[in-house]
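[1] Give me coordinates for this.
(one chain, ligands or ions: 1)
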Amino acid sequence: MTGRASFPRVAALKTPDAFRAHLRALGVELDFDEELASGSASPLAMRTVVDGFTVGNRFCVLPMEGWDGTPGGAPSDFTRRRWRRFGESGAKLIWGGEAVAVRDDGRANPNQLLLTAATQPALARLRDDLVAAHRNAFGANADRDLCIGLQLTHSGRYARPSARDRPEPLAAAAHPVLDRRFPDGVRIIADEEIDALVEHFVVAARLAASAGFDFVDIKHCHGYLGHELLGAVGRPGRYGGPLENRTRFLRTIVDGIRAEAPELAIAVRVSAFDTVPYRKDADGHGVEEDDPYSGFGITREPGCGPNLDDARAFLQIVQDLGIHLVCITAGSPYYNPHVQRPALFPPSDGYDPPEDPLVGVARQIAATACLKREFPSMAIVGSAYSYLQEWLPHVAQHAVRTGLTDFVGIGRMVLSYPELPADVLAGRPLRRKSICRTFSDCTTAPRLGLRSGCYPLDGFYGSHPDGEVLAARKSSERSTR
Ligand SMILES: Cc1cc2nc3c(=O)[nH]c(=O)nc-3n(C[C@H](O)[C@H](O)[C@H](O)COP(=O)(O)O)c2cc1C
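    Predicted coordinates for the structure are as follows:
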């Protein structure tokens, strides 16, 4: 088993030949353009039309929660700053901003945003702030081709609505391994409760539409309720068993939104493939749990590519529902973070990566390409590009130019370097000091009860008192290891 020390830093792969040689040594197929185009010649600058919206370029800001809303679920100054920076990024597709719970018991932490009649005006202002920042940076009419959605969620198994250290899991199905991680037990949501929850999604979607959002994402990823329902093969009743039942949640929400807010576009972010849960072994390495659970899109054979059979069947249903916008992601930050957000440095509740993180990046890009090939009329957003660092623009340009994806989604990099899309499109060299090096503090901080943000590279967080607390907690964890 290898540790992180054996993986070369991407920053050290300074030339195309060095980067290519390293990928080859890993056995990873990941193509990139050596030369970057800029301005209107850039494939990343190509406009496209999605669901009737003109989207001005191929960069998408992925949803990035900050654990910094008010106890009532409204945005704070921290949230507003993050969203303004999303607007300043130059990306023309904003995927949800962040996960927003449709009901209090679905919040993943007591500071997650909540969409209710009471918070709707504040969320509308949050969107307006993003638009104003975009106009301020790119011109008075720049928002004409800016498309903004809101990600709607119920956190299911990972709900912690009352206190950061008090899980209140509401799972879609029993899970032999994950249930053990909740010593106080896991409650399975009943069919009637799901029926009622569907209504909350529909109400929230209507509120999002009147707040000016162009679309809502019905979140089906990362181990939260929608995703867990997709894998609830052993669940009895109307929401478990065959795929038709496991997609009833989505289908009923879509019907409701079409009836109540017909002008609102609908999108889905899905964990298209998965693995069995990982845990940290005695040396800190990530190892697979012995897990017989079937789940959604789980690959069992080591060395085998992602299992996309479930994703294919799901996307066919999504397409038949008339949904044209899909964001592909994978796994879960809770049980296989190296799959979901490849990083050199693990978060506090993670483990040393069991593979070079570039393998994880390439896996998501290849799976996205495969699904794009099979569903060519869908607008597809890919994820997990941040670990590419200096090579992100090169891989992104190649992926869009050759049709591997329609949009390049960027998560962590936007926290450290929000203007990266604007710099790439303008042909400016990257600001190396702002490049995300995947220290994972944006994940560690909330695991320790602090706000998320880029502590190493964004001076705003580095100099915030939370930064000192984070440094102290990390150092005390290191010394007790
Ligand atoms: C701090 C943090 C918060 C995140 N919040 C969300 C979220 O609210 N909804 C979501 O679907 N994904 C969320 N993600 C996952 C990202 O959208 C993205 O899939 C992941 O970071 C991989 O992309 P990247 O390599 O560009 O960072 C979050 C990731 C991080 C690091």
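[2] Report the separation between the closest residue to the ligand within the chain and Y387.
    In the chain, no residue comes nearer to the ligand than G411, which is 2.9 Å away by C-beta to the nearest ligand atom. C-betas here are computed from N, CA, C, even on glycine. Per C-beta to C-beta, to the nearest Å, G411 is found 10 Å from Y387.
[3] Same question for P347.
    For P347, the distance to Y387 - C-beta to C-beta - is 14 Å.
[4] just A272 next, same as before
    A272 sits 18 Å away from Y387, going by C-beta to C-beta.
[5] for G139, same thing?
    Taken as C-beta to C-beta, the span from G139 to Y387 is 32 Å.
[6] More neighbours: the two, which one.
    Y387 (23 against 10; other C-beta atoms under 10 Å).
[7] That one and E355 touch, don't they?
    No - contact criterion C-beta atoms under 8 Å: Y387 and E355 do not qualify, at 11.6 Å.
[8] that older thread, identify the residues contacting the residue of the chain closest to the ligand.
    By C-beta atoms under 8 Å, 6 or more residues apart in numbering, the contact set of G411 is L62, P63, M64, R341, S383, A384, S386.
[9] Look up the closest residue to it, ignoring the ones flanking it.
    Nearest non-adjacent residue to G411, counting by C-beta to C-beta, 6 or more residues apart in numbering: L62, 4.1 Å away.
[10] The one you found and V408 touch, don't they?
    No - judged on C-beta under 8 Å, L62 makes no contact with V408 at a distance of 9.8 Å.
[11] Pull the contacting residues for A140.
    A140 touches nothing, counting by C-beta under 8 Å, 6+ apart.
[12] pLDDT score for it?
    In this model, A140 is scored at 98, pLDDT.
[13] now swap in D165 and tell me
    You'll see D165 listed with a pLDDT of 92.
[14] Go ahead and list the helix or strand containing the nearest residue to it once chain neighbours are set aside.
    Leaving aside its sequence neighbours, D165 sits nearest to G449 (C-beta to C-beta, 6+ apart; 7.1 Å). Counting by DSSP states H and E, G449 is held by no secondary-structure element, helix or strand.
[15] centre of the chain versus the top strand by length along the chain, how much separation?
    Ordering each strand of the chain by length in residues (DSSP state E) puts strand 265-275 first. Chain-centre distance of strand 265-275: 9 Å, with C-alpha atoms, centre = their mean, to the nearest Å.
[16] same deal with stretch 339-358?
    Here stretch 339-358 shows a centroid-to-chain-centroid distance of 15 Å under the convention C-alpha atoms, centre = their mean.
[17] mind listing what's buried in that stretch?
    339-348, 350-358 (16 or more other C-beta atoms under 10 Å).
[18] check contacts around the residue nearest to G411.
    So L62 contacts W95, G96, C327, V381, S383, G409, I410, G411, V414 (C-beta under 8 Å, 6+ apart).
[19] Is the third one in a helix, a strand, or coil?
    The three-state assignment at C327 reads strand, by DSSP: H, G, I helix; E, B strand; the rest coil.
[20] partner residues bridging it?
    R269, V381 (DSSP bridges).
[21] residues contacting it?
    Listed by C-beta under 8 Å, 6+ apart, the contact set of C327 reads C60, L62, W95, D217, A267, V268, R269, V270, I380, V381, S383, G409.
[22] What parts of the stretch 1-150 of the chain come near the ligand?
    L62, P63, M64, E65, E98, A99 (C-beta under 6 Å from any ligand atom).
[23] before we move on, what about the stretch 251-400 of the chain?
    Residues of the stretch 251-400 of the chain lying close to the ligand by C-beta under 6 Å from any ligand atom are R269, T329, R341, S383, A384, Y385, S386, Y387.
[24] if we go to 5 Å?
    Counting by C-beta under 5 Å from any ligand atom, the residues of the stretch 251-400 of the chain lying close to the ligand are T329, R341, S383, A384, S386.
[25] In the stretch 301-450 of the chain, mark out all the strands, start to finish.
    Along the stretch 301-450 of the chain, counting by DSSP state E, counting those that start in this stretch, strands occupy 325-330, 379-382, 407-410.
[26] can you state the direction angle for the first one and strand 265-275?
    Counting by axes from the mean of the first three to the mean of the last three C-alpha atoms, to 10 degrees, strand 325-330 lies at 20 degrees to strand 265-275.
[27] wait, isn't A108 in contact with V100?
    No - with contacts defined as C-beta under 8 Å, A108 does not count as touching V100, sitting 10.6 Å away.
[28] Looking at the two, which is more packed in?
    V100 (30 against 24).
[29] phi, psi of the nearest residue to A426 once chain neighbours are set aside?
    Excluding the flanking residues, the one nearest A426 by C-beta to C-beta, 6+ apart is S38, at 6.3 Å. Backbone torsions for S38, taken as degrees, to the nearest 10, come to phi -140, psi 170.
[30] So what's the residue count around S38?
    15.
[31] mind listing what it touches?
    V424, L425, A426, G427 are the contacts of S38 under C-beta under 8 Å, 6+ apart.
[32] I'd like to know how many residues surround F460.
    Per other C-beta under 10 Å, the neighbour tally for F460 reads 14.
[33] hang on, isn't it packed against G453?
    Yes - at 7.1 Å, F460 counts as touching G453 under the criterion of C-beta under 8 Å.
[34] rewinding a little: find residues that contact each of L62 and V408.
    By C-beta under 8 Å, 6+ apart, L62 and V408 have these common neighbours: V381.
[35] Format the strands of the stretch 301-450 of the chain as JSON lines; extra columns: distance to V198 and mean pLDDT.
    Formatted as JSON lines, those follow (distance: least, C-beta to C-beta, whole Å; pLDDT from 0 to 100):
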{"stretch": "strand 325-330", "distance to V198": "20", "mean pLDDT": "98"}
{"stretch": "strand 379-382", "distance to V198": "25", "mean pLDDT": "98"}
{"stretch": "strand 407-410", "distance to V198": "27", "mean pLDDT": "98"}
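[36] Dump these into a markdown table; add distance to R80 as well.
    What follows is those, written out as a markdown table (distance: least, C-beta to C-beta, whole Å):
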| stretch | distance to R80 |
| --- | --- |
| strand 325-330 | 24 |
| strand 379-382 | 24 |
| strand 407-410 | 20 |
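[37] hmm, back to that, where's the residue of the chain closest to the ligand relative to G241, distance?
    34 Å.
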